[in-house]
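Novice: Let's see this in three dimensions:
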Amino acid sequence: MYISELDTPALTVDLDILERNIAQMATLCQNLDIPLRPHTKTHKVPQIAQMQIEAGAQGITCQKVGEAEVMVAVGIDDILIPYNIVGKPKLERLMQLAKQATITVAVDSDITARGLSEQAQKDGATIQVVVEMDTGSKRCGVQSPQAVQALAQTIVDLPGLDFQGVMTYPSRLEAKPFIDETLELLRKDGISVSMVSGGGTGSEVNSKQIGCTETRSGSYIYEGMQRIGPETVNPETCALRMIVTVVSTPTANRVITDGGMKAFTSYPPTPYGYIIEQPEVKIYGMSVEHGHIDVSGSSHRFQVGEQLSVIPVHQGMTSNLHDELVAVRNGQVEAIWPIAGRGKVK
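Specialist: Now for the predicted structure:
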């Protein structure tokens, strides 16, 4: 089958670019001598996760228990969930995963740690734990090295928990004093640290320099080695393409496609995306099921039924809206992969 035969909107991935992105990140981390633990929340596709592991990744990262369940189901056995897991339903599912694979989760409070321990004891499981540090992102995470020390002491004493170390996001050079002081406090307490996990596409060098034992990168899979924005989309490094069809040409300066917010993302930035065939035109707006394109800067005469290839700006959010990903090489479909982690927000 050719791309032109796909029903639209169709989410596709260019396999040549995808494979190159995987190889480049693997090579970078190998050259830095820092293990890579790719974050799968961007693609949510088990087949791509397996490709990353085959390229040398030491395991993967999943943001939610549901994503991890999808990956464990295909045999992936080393997963970090850098998230506070709270509530009985999630904890029960988490402990079932911990019996099938090596699962590590993050905590930043005594309450979360004790909840993990209680469920682990009930289910006869052991779960690996890292303490999340807030080294500047102002999201989750304990606020000082002393707070890490206190929480680590609690974790070490709780049954069913196996303290592994610490994590942060993103990897900033400014975080090094925080990390160094933390590790020294834990060393003095005789608490062993085997994991210092950093993260962020484009932050791999920083992860190495601040003393991380691994780095988590996710967006590179579809964007390349640096994050993109509305004005920096690069068709040479961006692997994802949404194939849309022109469904209306109401005026000389406007065409409408069948790809709107439900295909791309809610409330997208303006202009949105990059149209490969005619990069001079701009998606200036979207309604729920329509893409609004300003074609005033183009000499091309658009026709109803014409297909366009759009590189989304936030490729991870776009992926989460679709059931399947069409893998394409040189214009031909090679595979159709379920986006098995799509919608797994629990």
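
Novice: Dump stretch 55-64 to PDB, keeping only the CA atoms.
Specialist: C-alpha atoms of stretch 55-64 as PDB (Å, rounded to 0.1, in the frame of the first residue of the first chain):
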ATOM      1  CA  ALA A  55      19.800  -0.100  19.900                       C
ATOM      2  CA  GLY A  56      21.300  -0.300  23.400                       C
ATOM      3  CA  ALA A  57      18.900   1.300  25.900                       C
ATOM      4  CA  GLN A  58      19.200  -0.300  29.300                       C
ATOM      5  CA  GLY A  59      15.400  -0.100  29.900                       C
ATOM      6  CA  ILE A  60      12.600   2.300  29.300                       C
ATOM      7  CA  THR A  61      10.700   5.100  31.100                       C
ATOM      8  CA  CYS A  62       6.900   5.200  31.300                       C
ATOM      9  CA  GLN A  63       4.900   8.000  32.800                       C
ATOM     10  CA  LYS A  64       1.900   6.100  34.000                       C
END
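
Novice: hmm, who's touching that stretch?
Specialist: Applying Cβ atoms under 8 Å, 6 or more residues apart in numbering, the contact partners of stretch 55-64 are 22-23, 26, 29-30, 35-41, 49, 52-53, 68, 71, 76-83, 102, 199, 214, 216, 218, 341, 344-346. To be clear about C-beta, it is placed using only N, CA and C from the backbone, and glycine gets the same treatment.

Novice: okay, now the domains of the chain?
Specialist: Per automatic domain parsing, the structural domains of the chain span 3-10+231-338, 15-223.

Novice: Serialize the ones you listed to TSV and add fields for mean neighbour count and mean pLDDT.
Specialist: Formatted as TSV, the domains of the chain follow (neighbours: other Cβ atoms under 10 Å; pLDDT from 0 to 100):
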stretch	mean neighbour count	mean pLDDT
domain 3-10+231-338	18	95
domain 15-223	19	98
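
Novice: Bridged to residue 324, which residues?
Specialist: As for beta bridges, residue 324 partners with residue 338 under DSSP bridges.

Novice: Which residues are in contact with it?
Specialist: So residue 324 contacts 11, 336, 337, 338, 339 (Cβ under 8 Å, 6+ apart).

Novice: One more pass at 10 Å, please.
Specialist: By Cβ atoms under 10 Å, 6 or more residues apart in numbering, residue 324 lies in contact with 10, 11, 12, 45, 335, 336, 337, 338, 339, 340, 342.

Novice: same question, residue 67
Specialist: Contacts of residue 67 (Cβ under 10 Å, 6+ apart): 39-41, 44, 49, 60-61, 79, 81, 83, 340-346.

Novice: Would you mind writing the CA trace of the longest strand anywhere in the chain as CSV?
Specialist: Scanning the chain for the longest strand, with DSSP state E as the assignment, gives strand 240-251. Taking Å, rounded to 0.1, in the frame of the first residue of the first chain, the C-alpha atoms of strand 240-251 are listed here in CSV:
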residue,chain,number,x,y,z
LEU,A,240,6.0,12.0,12.4
ARG,A,241,3.6,13.1,9.6
MET,A,242,-0.1,13.5,9.7
ILE,A,243,-1.6,12.8,6.3
VAL,A,244,-4.7,15.0,5.8
THR,A,245,-7.0,15.6,2.8
VAL,A,246,-8.2,18.9,1.4
VAL,A,247,-12.0,18.8,1.8
SER,A,248,-12.8,22.4,0.8
THR,A,249,-11.3,25.3,-1.1
PRO,A,250,-13.8,28.0,-0.2
THR,A,251,-11.7,31.0,-1.2
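
Novice: Right, I'll call it a day here.
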